[in-house]
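> I would like the atomic coordinates for the input below:
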Amino acid sequence: MANQYEKKSLSNNPKFIEIVSSIYNTSVEIAAERVSSLVKEHNNSVNGQTFLFSSPGRIEVIGNHTDHNFGEVLAASVSVDLLAAVTPLPIPKVIVRSIGYPVVEVNIEDLGIKKEEIGDSAALVRGVANGFVERGLLIGGFVATTTSDVFKGAGMSSSAAFELLVSEIFNVFYNEGKIDPITKAIVSQYAENVYFGKPSGLMDQSAISFGGISHMDFRDPSSPQVEKVNWPFSDVSVVVVNCGGDHTNLTPNYASIRAEMEEVAGFFGKEKLREIEKRDFYDSIQDISKKTSGRAILRAIHFYEENSRVEKVYQALKNADEEEVFAGINQSGDSSYRLLQNCYPEGDKMQPIPLALALAQRIEGLRAVRVHGGGFAGTILAFVDNEKVETFKKYMGDIFGQGNIYLLKIRNSGATKIDI
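From the prediction side, this is the model:
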């Protein structure tokens, strides 16, 4: 079994070569070295059969800060991942050894919330396990050794990748692989919200669970409607630029977006903006302005117009209408900047995201660009003509660092066991 994970064996394995082509944006040699090194590290301390699992990062194509108010999103899983070598255990314990990080050990017979674990990976393991048990699903022990190229702080949802990895391991080892993607996503979100202590919508987990490009409608958050659609444009590259910025103490900024949208919803006696018709909102702005801030109203305008854009871009993707897709992404980015106001925190003079957006727009071959993810610091997302992408990478890399320019591909599989 170990021999099949040696670099030479992997490099000559047609199935592995096919897998690399479908889920990664790197050479077979680099992918084989990564897998071989991981399995060797795992087998140094673990006896028993080794299985491989991969949980991808994600990008948000359009639908910025809409999911938490039951809106619509287009998101995609991408070619960076949390890769794990995993062995089942006959005891009720989960052990995760993430290379470069402290070992996580969780007794899954004790599934109560631990205050001391808030913000820690152990909370995510315990929360996913409890989410399974509450739904009558099975859990069991395992030991995993992991390595990740899902860039932390780059808006690709490293925490959601970890949650879905744990969910998929429980699914494959103890539930015959029968759990549907939306259930795994909901359980993972529950772990992040309730156990880890981070308020979030369901978009990150859904994108990583389903794979590919997903159109998500969260009108009913307990049963979101998710439909996959193909990315039809082979002439365009996907680039994420990590332009930096201090993420410390940004949680209040993120929370204010949700809170202010819900403040507007509260004017109508509702909890979420999706519960109010767009026309009723616009007809009531004069009265709303007497009860809420102008920024809250602007953020609500973003919500309603962004939902309309998601539907328009979704249809354009199905029709392979390149002009309409990239126009919608650009309009979304402009709305995030002007209305949602999540491109830099109040009082920040460095403003790396606005700077990156302004510079990217000067480069020939750019199709679309926008703030990526939660915003305030971190990354932008760009779509660039293939023949111009190296010029784009060099120019932006000279300013923000070559190591902060990530050329990605959209992968069709979500969190999954890799069979080679």
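> Might you list the low-confidence residue ranges for this protein?
1-2, 152-156, 246-248 (pLDDT under 70).
> What ranges does it have for its strands?
Remark: strands assigned in the chain by DSSP state E are 51-62, 72-89, 93-98, 104-107, 141-148, 213-217, 225-229, 236-244, 366-371, 378-385, 405-408, 416-418.
> Give me whichever of the ones you listed is most buried.
Of all those, strand 51-62 has the most neighbours on average by mean count of other Cβ atoms under 10 Å, namely a mean of 26. From N, CA and C alone the C-beta is placed, and that goes for glycine too.
> Neighbouring strands of that strand in the sheet, and parallel or not?
strand 72-89 (antiparallel), strand 416-418 (antiparallel) (DSSP bridges).
> so how far is that strand from its chain's centroid?
7 Å (Cα atoms, centre = their mean, to the nearest Å).
> Could you tell me the angle between that strand and strand 378-385?
Here strand 51-62 runs at an angle of 80 degrees relative to strand 378-385 (axes from the mean of the first three to the mean of the last three Cα atoms, to 10 degrees).
> which residues sit against stretch 262-273?
Outside stretch 262-273, the residues that touch it by Cβ atoms under 8 Å, 6 or more residues apart in numbering are 69-71, 261, 275-276, 280-281, 284, 287-288, 291-292, 296-297, 299-300, 303-304.
> 10 Å - rerun?
66, 68-71, 218-219, 221, 256, 258-259, 261, 274-277, 280-281, 284-285, 287-293, 296-297, 299-301, 303-304, 307 (Cβ atoms under 10 Å, 6 or more residues apart in numbering).
> among these, which ones are buried?
66, 68-71, 218, 221, 256, 258, 261, 274, 276, 281, 288, 292, 296-297, 299-301, 303-304, 307 (16 or more other Cβ atoms under 10 Å).
> any idea where the helices of the stretch 151-300 of the chain begin and end?
Ranges of helices in the stretch 151-300 of the chain, per DSSP state H, counting those that start in this stretch, are 158-174, 181-190, 203-210, 251-267, 278-283, 285-288, 294-318.
> In a markdown table, list those along with distance to residue 93.
Below are the helices of the stretch 151-300 of the chain laid out as a markdown table (distance: least, Cβ to Cβ, whole Å):
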| stretch | distance to residue 93 |
| --- | --- |
| helix 158-174 | 13 |
| helix 181-190 | 19 |
| helix 203-210 | 24 |
| helix 251-267 | 31 |
| helix 278-283 | 50 |
| helix 285-288 | 53 |
| helix 294-318 | 42 |
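> Go through those and pick out the most buried.
Ranked by mean neighbour count under mean count of other Cβ under 10 Å, the helices of the stretch 151-300 of the chain are led by helix 203-210, which reaches a mean of 31.
> got the angle between that one and strand 72-89?
60 degrees.
> Packing partners of helix 203-210?
Judged by 3 or more Cβ pairs under 10 Å, 6 or more residues apart in numbering; DSSP states H and E, the packing partners of helix 203-210 are strand 51-62, strand 72-89, helix 158-174, helix 181-190, strand 213-217, strand 225-229.
> What is the burial count for residue 347?
5 (other Cβ atoms under 10 Å).
> Please tell me how far it sits from residue 338.
Distance of residue 347 to residue 338, computed by Cβ to Cβ, to the nearest Å: 19 Å.
> Please apply the same query to residue 294.
12 Å.
> One more: residue 235?
30 Å.
> Between these two, point out the one with more neighbours.
Neighbour count, other Cβ under 10 Å: between residue 235 and residue 338, residue 338 has more, with 12 against 9.
> I figured the more buried one hits residue 354, correct?
No: applying Cβ atoms under 10 Å, one finds residue 338 not in contact with residue 354, separated by 11.4 Å.
> The residue lying closest to residue 305 once chain neighbours are set aside: what's it in contact with?
For residue 305, ignoring the flanking residues on the chain, the nearest one in space by Cβ to Cβ, 6 or more residues apart in numbering is residue 335 at 6.1 Å. Listed by Cβ under 10 Å, 6+ apart, the contact set of residue 335 reads 62, 64, 298, 301-303, 305-306, 309, 370.
> Now the two most distant members of these.
62 and 298 (18.4 Å; Cβ to Cβ).
> Can you give me the domain assignment for this protein?
Per the record, the chain has its domains at 2-230+411-418, 236-408, by automatic domain parsing.
> What distance do you get for residue 337 to residue 381?
Distance from residue 337 to residue 381, by Cβ to Cβ: 13 Å.
> tell me the contacts of residue 290?
residue 267.
> follow-up on the earlier one: now the strands of the chain as TSV including distance to residue 20?
Below are the strands of the chain laid out as TSV (distance: least, Cβ to Cβ, whole Å):
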stretch	distance to residue 20
strand 51-62	11
strand 72-89	10
strand 93-98	22
strand 104-107	28
strand 141-148	16
strand 213-217	21
strand 225-229	22
strand 236-244	18
strand 366-371	27
strand 378-385	23
strand 405-408	15
strand 416-418	10
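> between these, which one is nearest to residue 172?
Using Cβ to Cβ, the strands of the chain put strand 416-418 closest to residue 172, at 5.0 Å.
> what's residue 348 sitting at in phi/psi?
phi -80, psi 120 (degrees, to the nearest 10).
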